[in-house]
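J.: pasting a predicted model and its sequence here:
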Amino acid sequence: MESFAELEDRYRLTPVQGEKDGAIASGVLTLDREKTTVVLTCTKPVGYPYDRNGWFDLHLKGSNGVSILLHNALHTQSITHGMKDRQFEEHIFPNAIVFGADKLAKDGRLGSISFCLNKLRYFFWYEHFEWQSLYKATPQQLASLRRLRRDQERRYDFFHPLELYVIHQPHRVLRFKVGDSTYEIFSGYSSKGGGWSDLNLKAEPSARITFDTPVSIDDAVNRIWTWKRFFSQVAMQTLSVEAISAGTRRRRYPEATLYLPYARVNSQENSYPGDFHPGDAPLNRWRDRGALAEVMQRWLSKEERRRQFRISVVVENMRTRASITDIVTLCSAIEGLSELNEKTALSDAQIEVIVCGAAATSCGSNR
C-alpha cells in the first residue's frame, strides 16, 4: 500500500474532473495534509445534498484515469463568476480521499481495511533477514550459490562471496476474531535501490481488519483508531498511521488507497530521549505471538465498555461538575480489570485522602 507521503508526492498537484447531477466540473487536487483542498470550476454547484453533518461525497477522475472519491467533504468557499453564463468556483476540503475508489463495493462499503503504523515492527521484532558468513565456505555451498548466479548471462564472474543475506517469505503473524471482525498481522518487507551497489531492505508488518458484513468508510477507519490505541498505550506515546488501504473481502489487488488529511504522521524514530524502543515492547518475539494475540483480543473486546465509560464520565459529567462519585466510578472501572488481581498497598485512610485531594483540586480548577 502507498503511504501518505508517497501519495503526496504522486498527487501533490493533479488535475481532476467529474460530473454530478449534470454538473460538469474540472479543477486541481492539492494534497498537503491539513491544507489539502480541491478547487473545481463547474457549470453549477456540486456536492449537494449534504448529510446531517453538512458533509457530502463526490466522485472525480484523475488525469491518469484513477477513480477518486472525496469522502465527508465540505465547502470552504464558493465563488460565482459571470452573470449570463455563470461559472461556479468551489473550494472543497475532504476529510478522506479514496484513490482507486472503483475497487470498493458498488455502495462504497468496505469488506476489509489495512494499515501501517510507525514503529509497528517494534511489536513484532522477528528475524525477517538473516546474515550468514561465507568465510571458509564448503565447495558444495559455493557450487549451490554459483547455480543461483545465472553464470551463462555474465561474461565475467568474479565469484568470491563473503556474506549471504537470507530474506524469509512473508507470512501471517497472528489472527484472532473479536465480534464481527477478524484482526490479522502480516509480515513483509520493502526494498529500495537495487542498483549496481545500493540495496536497502526494511521489514514492515501491516495490520488488517476483515468484516463479516461490509461497513462504511467511517466505521472502518474508527476500527483502525481503536486498534491503534492499543499500540499507543503500550508504547506510552502517540503512534501515527502512515498508510491505509481497503477493499472487498475477496482481497482483490490492487486495493483502494486512503488518504487522511487530518492524520499526523511522525516517522522519526528516537526523536527524543526516552522514545519508544524495540526492547520496550512486551511479547515481541515469535514464540510470544500467541500470548500477544490473546492480550489484543481481550483489550479489543472491552472497547464498548470503555466507550460507554468515557461518555458517562468524561462527556456527561466532567464538563458540568466535579464529584467524588466520578472519581469512585473511575477507580471502580480500573479495579474491575481482571488484569489487576493484586490488592493495593494503600490503606483505606490513604485512599480517602487521595480522593478528597483530587476532588478539591478539580473543584478549584473549575472556579
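T.: That came through fine. This is a predicted model, so every value here is computed, not measured.

J.: mind listing what's buried in stretch 132-150?
T.: residue 137 (16 or more other Cβ atoms under 10 Å). Where C-beta positions appear, they are placed from N, C-alpha and C, glycine not excepted.

J.: tell me how far that stretch lies from the chain's centre.
T.: Centre-to-centre, stretch 132-150 and its host chain are 42 Å apart (Cα atoms, centre = their mean, to the nearest Å).

J.: what's the average pLDDT for that stretch?
T.: Taken as a whole, stretch 132-150 carries a mean pLDDT of 82.

J.: with stretch 32-43 instead?
T.: 92.

J.: mind checking how far that stretch is from the chain centre?
T.: That offset, for stretch 32-43, works out to 24 Å (Cα atoms, centre = their mean).

J.: just stretch 130-137 next, same as before
T.: So, by Cα atoms, centre = their mean, the centroid of stretch 130-137 is 38 Å from its chain's centroid.

J.: start to end distance for that stretch?
T.: Start and end residues of stretch 130-137 are separated by 17 Å (Cα to Cα, to the nearest Å).

J.: what do you get for stretch 233-240?
T.: Start and end residues of stretch 233-240 are separated by 12 Å (Cα to Cα).

J.: so what touches it?
T.: With Cβ atoms under 8 Å, 6 or more residues apart in numbering as the test, stretch 233-240 has contacts from 117-120, 122-123, 228, 231-232, 263-267, 275-276, 280-282.

J.: in it, what counts as buried?
T.: Buried, per 16+ other Cβ under 10 Å, within stretch 233-240: 234-235, 239-240.

J.: which parts of the stretch 151-300 of the chain are helices?
T.: For the stretch 151-300 of the chain, helices defined by DSSP state H, counting those that start in this stretch occupy the ranges 217-235, 289-301.

J.: can I get those helices in JSON lines including distance to residue 91?
T.: Formatted as JSON lines, the helices of the stretch 151-300 of the chain follow (distance: least, Cβ to Cβ, whole Å):
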{"stretch": "helix 217-235", "distance to residue 91": "22"}
{"stretch": "helix 289-301", "distance to residue 91": "39"}
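
J.: related to what we said a few turns ago, buried ones among the contacts of stretch 233-240?
T.: 117-120, 122-123, 228, 231-232, 263, 265, 276, 281.

J.: export these to a markdown table and tack on distance to residue 34?
T.: Converted to a markdown table, the buried ones among the contacts of stretch 233-240 look like this (distance: Cβ to Cβ, whole Å):
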| residue | distance to residue 34 |
| --- | --- |
| 117 | 20 |
| 118 | 19 |
| 119 | 23 |
| 120 | 24 |
| 122 | 28 |
| 123 | 29 |
| 228 | 19 |
| 231 | 23 |
| 232 | 21 |
| 263 | 10 |
| 265 | 12 |
| 276 | 25 |
| 281 | 30 |
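
J.: what's the closest of the residues you listed to residue 65?
T.: residue 263 (26.2 Å; Cβ to Cβ).

J.: noted, bye for now.
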